[in-house]
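# Make a model of this:
(one chain, ligands or ions: 2)
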Amino acid sequence: MALPCVGDWVRVSYHDAGAHASILDIQPRTSFLRRRRPGGNAEFQMIAANIDVAFIVQSCHFDFNVRRLERYLVMTRDGHIEPVILLTKTDLISPEALEDLLASIRHAGINARVIPISNVSGRGVETVHELIQPGKTYCLLGSSGVGKTTLVNGLIGKSDLATGVVSHTGEGRHTTTRRQLIALENGGLLIDMPGMRELGMLDVSEGLDASFSDVEAYASRCRFANCTHTREPGCAIQAAIAQGALDPAHLQSYQKLRRESEFHGMSHPEKRKKDRAFGKVVRATIKAKGRWHDD
Ligand SMILES: Nc1nc2c(ncn2[C@@H]2O[C@H](COP(=O)(O)OP(=O)(O)OP(=O)(O)O)[C@@H](O)[C@H]2O)c(=O)[nH]1
Ligand SMILES: [Zn+2]
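Ligands and ions are numbered 1, 2, ... in the order given. Below you'll find the model as predicted:
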């Protein structure tokens, strides 16, 4: 018998007056989330089963990446799970920039539902909450830091009778990592396991982060999450440079590579904005030339 995974329904027999139980069999899975085992062989590892809807969470700010979105969609389609895309942190970008992101999703031929949300302004959180149906099971997928935990807390806060495994009062980071199944007041179930959230979705930017883990580690200690590491108070990177613990050249090459990877596929709207700016220059030049010819 294959081993059960999170979300499986199993048949058990109890012994010792209910103190112990054995799993007899696993009920057929209606859907599943699985990933390739590392090492390149064709084997799969089951991550979760019987999920109805996967929220694929990306931030509008830095994290946005259509290619990665597509990989998550392949994974959910493969497992017969309905995908819903959540674009978080809309409060950090302009409405025009958001329009660009939505357009780039459409242009990629992605027709899954997209809900722009902000955990700060509350925009869209109600829409997500209303989407959750009794008896259905949901999960959240997405890179670290995109706002999944904040959203879950917001959803629990809305159903103020959230029951089950989790209480939302005074929870620290440590308890968050043990949270697994959240029963929302309206009867929806949310599977929230940090281990299954990222699914080994490595890409250029994450590879980049790995080779500059020291820079990343300092950056995570900056007072402001959006610190540019130039002149902000409480900047851990500037402090590390001042103490001689971090080589400014290392920071510079990190920032240079980061800008490059952002231009080459990381952030499509930024790229388009740059292309558009270049287009303006070209058009202005042609216009100027035309006028010159007219004279
Ligand atoms: N501006 C803004 N910040 C947000 C929003 N949502 C979350 N954040 C912030 O982003 C940071 C990361 O949020 P988390 O909810 O911990 O992200 P996560 O996806 O759960 O990250 P992991 O637990 O590492 O998987 C926190 O500092 C949040 O306060 C948002 O909508 N807007
Ligand atoms: Zn900083």
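# so E99 is in which element?
Secondary-structure element containing E99, defined by DSSP states H and E: helix 95-107.
# Can you give me the buried ones in that helix?
Neighbour counts using 16 or more other C-beta atoms under 10 Å place A97, L98, D100, L101, L102, S104, I105 of helix 95-107 among the buried residues. Glycine gets a C-beta too; all of them are placed from N, C-alpha and C.
# okay, now the closest residue to the fifth one other than its chain neighbours: neighbour count?
Meaning L102. Using C-beta to C-beta, 6 or more residues apart in numbering and skipping the chain neighbours, the partner closest in space to L102 is V114 (6.3 Å). Neighbourhood size, V114 [other C-beta atoms under 10 Å]: 18.
# Is I23 part of a helix or strand, or is it coil?
Of the three states, I23 takes strand under DSSP: H, G, I helix; E, B strand; the rest coil.
# ok, it - contacts?
By C-beta atoms under 8 Å, 6 or more residues apart in numbering, the contact set of I23 is M1, P4, V10, R11, V12.
# redo that, cut-off 7 Å
Applying C-beta atoms under 7 Å, 6 or more residues apart in numbering, we find I23 in contact with P4, V10, V12.
# hmm, back to that, phi, psi of the residue nearest to L102?
When read as degrees, to the nearest 10, the backbone of V114 gives phi -120, psi 130.
# I156 now?
phi -70, psi -40.
# Roughly how far does it sit from G188?
11 Å (C-beta to C-beta, to the nearest Å).
# V128 now?
11 Å.
# ditto for V66
28 Å.
# Between these two, tell me which one has more neighbours.
G188 (21 against 17).
# residues near the closest residue to that one other than its chain neighbours, how many?
Excluding the flanking residues, the one nearest G188 by C-beta to C-beta, 6+ apart is I132, at 3.8 Å. For I132, the count of nearby residues is 22 (other C-beta under 10 Å).
# Likewise for M75?
Neighbours around M75, by other C-beta under 10 Å: 21.
# Could you say which helix or strand holds it?
helix 66-78.
# in that helix, what counts as buried?
Buried residues in helix 66-78 (16+ other C-beta under 10 Å): V66, R68, L69, Y72, L73, M75, T76.
# Now render those as TSV, adding distance to ligand 2.
Shown next, in TSV, are the buried residues of helix 66-78 (distance: C-beta to the ion, whole Å):
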residue	distance to ligand 2
V66	28
R68	25
L69	28
Y72	30
L73	34
M75	34
T76	36
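# quick one, helices of the stretch 51-200 of the chain?
66-78, 95-107, 125-131, 148-158, 173-176, 194-197 (DSSP state H, counting those that start in this stretch).
# Out of those helices, name the one with the poorest average pLDDT.
Lowest mean pLDDT within the helices of the stretch 51-200 of the chain: helix 173-176, at a mean of 34.
# Any idea how many residues pack against Y254?
With other C-beta under 10 Å as criterion, Y254 counts 21.
# Which strands or helices does the helix or strand harbouring it pack on?
Using DSSP H and E, Y254 falls within helix 248-261. Packing contacts for helix 248-261, counted by 3 or more C-beta pairs under 7 Å, 6 or more residues apart in numbering; DSSP states H and E, involve helix 204-211, helix 213-219, helix 236-242.
# Which one of these has the poorest average confidence?
It's helix 204-211: among the helices and strands packed on helix 248-261, that one has the lowest mean pLDDT, namely a mean of 50.
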